[in-house]
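**Q** Output the structure for:
(2 chains)
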There are 2 protein chains.
Amino acid sequence: MNDVLDFVSVRLDDENDELIILDQSKLPNDLIYHHYKTKEEIFKAITGLEVRGAPAIGIAAAYGIYLSIKHLNQKSHKEFFDVFEQNKDFLASSRPTAVNLFWALNRMEQCLMNNKEKSISEIIGLLKIEAENIRQEDEAVCHAIGVNALTLLTPNMGLLTHCNAGTLATAKYGTALAPMYLGHQQGYDFRVFADETRPLLQGARLTAWELHEAGIDVTLICDNMASIVMKKGLIDAVLVGCDRVAANGDTANKIGTSGVAILAKNYNIPFYVCAPCSTIDIQTGCGDDIEIELRKGEEITSTWYQKPRAPLNVKTFNPAFDVTDANLITAIITEKGILYPPYSESIKKLFEGESK
Amino acid sequence: MNDVLDFVSVRLDDENDELIILDQSKLPNDLIYHHYKTKEEIFKAITGLEVRGAPAIGIAAAYGIYLSIKHLNQKSHKEFFDVFEQNKDFLASSRPTAVNLFWALNRMEQCLMNNKEKSISEIIGLLKIEAENIRQEDEAVCHAIGVNALTLLTPNMGLLTHCNAGTLATAKYGTALAPMYLGHQQGYDFRVFADETRPLLQGARLTAWELHEAGIDVTLICDNMASIVMKKGLIDAVLVGCDRVAANGDTANKIGTSGVAILAKNYNIPFYVCAPCSTIDIQTGCGDDIEIELRKGEEITSTWYQKPRAPLNVKTFNPAFDVTDANLITAIITEKGILYPPYSESIKKLFEGESK
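**A** Next comes the predicted model:
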């Protein structure tokens, strides 16, 4: 395997009080690492999509809140907790859709709560360990998702993916791309089709880049070509990541995912959502309860272009995500196993098993 | 109505032996008219998409072949016919999918054949009239399609369209956009959603531009947002143009159209194809028989961008069209009336009526 998997999207440099972020907004043209020290910088890195992908955002937020309170050991417990809460709320407000962001910050808060009797210095040390654990666990989770997904695939399959749920979006391996990397190691010879994923081109810039770097057979298409490649029989399965799975299996993921799912159903192609359990939000009943982030129209009319390619002041609608109805999803592949419909039951069972 | 309808994509300046073409590849940034004298220039204007849209291509080809033989009146009849045939084959090879190109050239040839006993000068004069007729008839056809389509629509509807089947693509009014212009004149207050239509952005650059110029409420979306706007209940009907309709109703149109049709069916939204009878090709049995033009991958990876937004040398697949299955089409709206399934029968009936 090529060392594309050695690229790390988010890395803590604790000695220098820095979070080192691979700027995904500049790929594939430039490989730039930013060194951020403040929560404001990290907030901006998340909103500016320098770090993106639900798991990677969670990791960045966990490290971010750690760095933001690391040097507060002179404070009283009350002051320390207050600052922690403020910083948590601040970082949580960076993006509304991906649940991992809140999940990671809540986990950091839980670590704080569980250790609130300890000294501030001890708590800070434990928060660092917790953030590291979140990163390491994500790597293990992605690997397990890849292993589980691979059981549904066979060599030489044509696979379609949307957006980037790859190693760049996670600690390592990715979610939807994990079985592609693991399959590649085992000589599966997948043919992958990557939707370019407008408007921000995560498929063209990130997925095509990381698969190409790894020597995996990848073909870049425009989003509106998914139908013709399916019709031509080139696609045996669709694999996508997700930003949030509701209790009934409805899934928020990058804008366009629901359309791909409808096409897959039309062409009788299995549609798999690769989801760390941390993206399953049983507090969210169904897709309608998921807030969908709306972004600026300039992303459609101007970003990347030499000059705007739409009339000035034309109205736009630019949702960053959409919700794929549970009934369009063949299976949800988690690190703990593969969930099948009815998801209300299989998801409930998964979490009951956890709480035992 | 705004004078957007006064823009003319293709105009003959017979005095100067020129075809004046509004360069659609430069819109909406620059409004540039090219003055072309040779068939090579006109060929390049078609392949380079300076003139595009099935009807407009047909008009350009008709004028083009006229200009290419206009000054051959010193030739013998045999020489004249030979040159005509060569030029016809040359212009016909510019783009493979739109049937109007061949239809217009065949009609010019038929005019020649019907008058082959006449003097070369007379034939040239008749060919000019035939080309003018093709243009004028297209305007009348588009207007009639608009009138017919409007009978299926009601005020305040949300309409979605893909690519550009507007006044720019035709002599005037467009096909799919004709009912929008006619409805606008009658105060229908449509809300139009325009798919940007990757990779060449005809929706963003042309459809959004011409509707916006005309004062019609238009919202630009990325192709992959069609699903969410349908799901949100914003779309009451889809209207698209077409490049070729097969005898069974399968329809080739801009890449992505088949996906929009599948989404519309999923959301129970009527999907209308606006088709001049000249795009119905009863020689083509079904969609599988339609040759789909494949274009360069650079259109996906590099066109419009400041620098390429995909890894160097990544594989691409760039079909310019796809085929929408007849069973996804609610109705085919022609200038002679509205065709309903089963299309094999309704199309047959239409042409039988014609030959009577």
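
**Q** Could you list the low-confidence segments of the stretch 201-350 of chain A?
**A** Scanning the stretch 201-350 of chain A for pLDDT under 70 picks out no residues.

**Q** all strands of it, in order?
**A** Counting by DSSP state E, counting those that start in this stretch, the stretch 201-350 of chain A has strands at residues A:217-221, A:237-240, A:244-246, A:251-254, A:271-274, A:280-281, A:315-316, A:321-324, A:331-334, A:337-339.

**Q** elements contacting the fourth one?
**A** Based on contacts counted as 3 or more Cβ pairs under 8 Å, 6 or more residues apart in numbering or on different chains; DSSP states H and E, the elements that strand A:251-254 packs against are strand A:244-246, strand A:321-324. To be clear about C-beta, it is placed using only N, CA and C from the backbone, and glycine gets the same treatment.

**Q** any idea which of these is most buried?
**A** Highest mean neighbour count among the helices and strands packed on strand A:251-254 (mean count of other Cβ atoms under 10 Å in any protein chain shown): strand A:244-246, with a mean of 28.

**Q** neighbouring contacts of it?
**A** By Cβ atoms under 8 Å, 6 or more residues apart in numbering or on different chains, the surrounding residues in contact with strand A:244-246 are A:54, A:97-99, A:251-252, A:273, A:275, A:279-281, A:284-287, A:289-290, A:332, A:347.

**Q** switch the cut-off to 6 Å
**A** Strand A:244-246 is contacted by residues A:99, A:251-252, A:275, A:279-281, A:284, A:286-287, A:290 when judged by Cβ atoms under 6 Å, 6 or more residues apart in numbering or on different chains.

**Q** swap in stretch A:88-105?
**A** In contact with stretch A:88-105 (Cβ under 6 Å, 6+ apart) are residues A:43, A:46-47, A:54-55, A:57-58, A:61-62, A:64-65, A:134, A:243-244, A:252, A:278-279, A:281, A:291, A:293, A:321.

**Q** Phi and psi next, for the closest residue to chain B within the stretch 51-200 of chain A.
**A** Of the stretch 51-200 of chain A, the residue with the smallest distance to chain B, taken as Cβ to the nearest Cβ, is residue A:198 at 4.0 Å. Main-chain torsions, residue A:198, degrees, to the nearest 10: phi -70, psi 160.

**Q** where does residue A:2 land on pLDDT?
**A** Confidence at residue A:2, expressed as pLDDT, is 47.

**Q** Which residues outside stretch A:220-229 are in contact with it?
**A** A:193-196, A:198, A:204, A:208, A:235, A:256, A:260, A:263, B:198-199, B:223-224, B:255-256, B:258-259, B:300, B:310, B:314, B:316-317, B:319, B:322.

**Q** Can you measure across it, start residue to end residue?
**A** 11 Å (Cα to Cα, to the nearest Å).

**Q** Check stretch A:258-277 too.
**A** OK, stretch A:258-277 end separation, Cα to Cα: 20 Å.

**Q** can you tell me if it touches chain B.
**A** Yes - against chain B, stretch A:258-277 shows contacts by Cβ under 6 Å from any Cβ of the partner chain at A:258-259, A:262-263, A:266.

**Q** Return the distance of stretch A:343-355 from the chain's centre.
**A** Relative to the chain's own centre, stretch A:343-355 is displaced by 22 Å; criterion: Cα atoms, centre = their mean, to the nearest Å.

**Q** Next: stretch A:304-311.
**A** 28 Å.

**Q** Residues touching that stretch, excluding its own?
**A** With Cβ under 6 Å, 6+ apart as the criterion, stretch A:304-311 contacts A:301-302, B:28-29, B:201, B:204-205, B:208-209, B:212, B:220, B:304-306, B:309.

**Q** ok, and the most crowded of those residues?
**A** residue B:208 (33 neighbours; other Cβ atoms under 10 Å in any protein chain shown).

**Q** Can you tell me how far that residue is from residue B:179?
**A** Distance, residue B:208 to residue B:179, by Cβ to Cβ, to the nearest Å: 17 Å.

**Q** right, and the pair among the contacts of stretch A:304-311 with maximum separation?
**A** B:212 and B:309 (26.0 Å; Cβ to Cβ).

**Q** how about residue A:320, what does it touch?
**A** A:255, A:293, A:295 are the contacts of residue A:320 under Cβ under 6 Å, 6+ apart.

**Q** residue contacts, the last one?
**A** Okay, so that is residue A:295. When contacts are counted by Cβ under 6 Å, 6+ apart, residue A:295 is found next to A:318, A:320.

**Q** Chain B contacts on chain A?
**A** A:28-29, A:198-199, A:201, A:204-205, A:208-209, A:212, A:219-225, A:227-228, A:255-256, A:258-259, A:262-263, A:266, A:300, A:304-307, A:309-311, A:314-317, A:319, A:322.

**Q** Out of the residues you listed, name the ones that lie in helices.
**A** A:208-209, A:212, A:227-228, A:258-259, A:262-263, A:266, A:300 (DSSP state H).

**Q** top of those residues by neighbour count?
**A** residue A:208 (33 neighbours).

**Q** wait, isn't that residue in contact with residue A:194?
**A** Yes - with contact defined as Cβ atoms under 6 Å, residue A:208 counts as touching residue A:194 (4.8 Å).

**Q** ends of stretch A:263-271, how far apart?
**A** OK, stretch A:263-271 end separation, Cα to Cα: 10 Å.

**Q** Equivalent analysis for stretch A:229-242, please.
**A** 22 Å.

**Q** swap in stretch A:187-197?
**A** Termini of stretch A:187-197 sit 28 Å apart (Cα to Cα).

**Q** Please apply the same query to stretch A:69-87.
**A** Per Cα to Cα, stretch A:69-87 runs 8 Å from first to last residue.

**Q** Would you mind listing the outside residues contacting that stretch?
**A** So stretch A:69-87 is contacted by A:39, A:65, A:68, A:120-121, A:124 (Cβ under 6 Å, 6+ apart).

**Q** Show me which of these are buried.
**A** A:39, A:65, A:68, A:120, A:124 (16 or more other Cβ atoms under 10 Å in any protein chain shown).

**Q** which one among those gets closest to residue A:157?
**A** Using Cβ to Cβ, the buried ones among the contacts of stretch A:69-87 come closest to residue A:157 at residue A:65, 40.7 Å.

**Q** Does the closest one touch residue A:106 like I think?
**A** No - at 10.7 Å, residue A:65 does not count as touching residue A:106 under the criterion of Cβ under 6 Å.

**Q** Could you check how far whatever residue of the stretch 1-150 of chain A ends up closest to chain B is from residue A:20?
**A** Nearest residue of the stretch 1-150 of chain A to chain B (Cβ to the nearest Cβ) works out as residue A:28 at 4.9 Å. Computed as Cβ to Cβ, the residue A:28 to residue A:20 distance reads 19 Å.

**Q** same deal with residue A:50?
**A** 11 Å.

**Q** One more: residue A:90?
**A** Taken as Cβ to Cβ, the span from residue A:90 to residue A:20 is 21 Å.

**Q** Repeat that for residue A:339.
**A** From residue A:339 to residue A:20 the distance is 35 Å (Cβ to Cβ).

**Q** who has more neighbours, the two?
**A** Taking other Cβ under 10 Å, residue A:339 and residue A:20 do not tie; residue A:339 has more neighbours (23 against 16).
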